[in-house]
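# Fold the following and give me the result.
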Amino acid sequence: MTPLWIALGGALGSVARYWIGEAFALAFGPQFPWGTLFINVTGSCVIGA
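Sure, this is the predicted structure:
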């Protein structure tokens with residue numbers, strides 16, 4: 001059962017990451033990957049906490 005939860009979490013996480021990246025690209029333009037920066041910094045802070 002655990003691999004199923006891991007797969008589900010990975011799928012949801014990848015879709016959320018895509019949506020956040022697209023939202024930032026629409027808001028700030030596609031010249032710089034602000035969505036990727038935001039997701040990585042946020043994830044690092046959560047892991048550090």
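# okay, now Met1: neighbour count?
By the measure other CB atoms under 10 Å, the count of residues near Met1 is 5. Every C-beta, even on glycine, is put in place using the N, C-alpha and C of the backbone.
# Check the one 10 residues further on too.
The number of residues packed around Ala11, counting by other CB under 10 Å, is 10.
# swap in Ala27?
Burial measure for Ala27: 9 neighbouring residues, criterion other CB under 10 Å.
# ok, which stretches of the chain are helices?
Taking DSSP state H as the criterion, the chain contains helices spanning 2-28, 34-48.
# list the contacts for the residue positioned nearest the centre of the chain?
In the chain, the C-alpha closest to the average C-alpha coordinate belongs to Arg17, at a distance of 2.8 Å (CA atoms, centre = their mean). Under the criterion of CB atoms under 8 Å, 6 or more residues apart in numbering, the contact partners of Arg17 comprise 35, 39.
# The one 10 residues further on now?
Each residue near Ala27 by CB under 8 Å, 6+ apart is listed here: Trp34.
# how far away is it from Met1?
Ala27 sits 39 Å away from Met1, taking CB to CB, to the nearest Å as the criterion.
# could you redo the helices of the chain as TSV and give each row mean pLDDT?
Putting the helices of the chain into TSV (pLDDT from 0 to 100) gives the following:
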stretch	mean pLDDT
helix 2-28	94
helix 34-48	93
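# how much space between the closest residue to Thr36 other than its chain neighbours and Val41?
Among residues not flanking Thr36 along the chain, Gly21 sits closest, at 6.1 Å (CB to CB, 6 or more residues apart in numbering). Between Gly21 and Val41 the computed distance is 14 Å (CB to CB).
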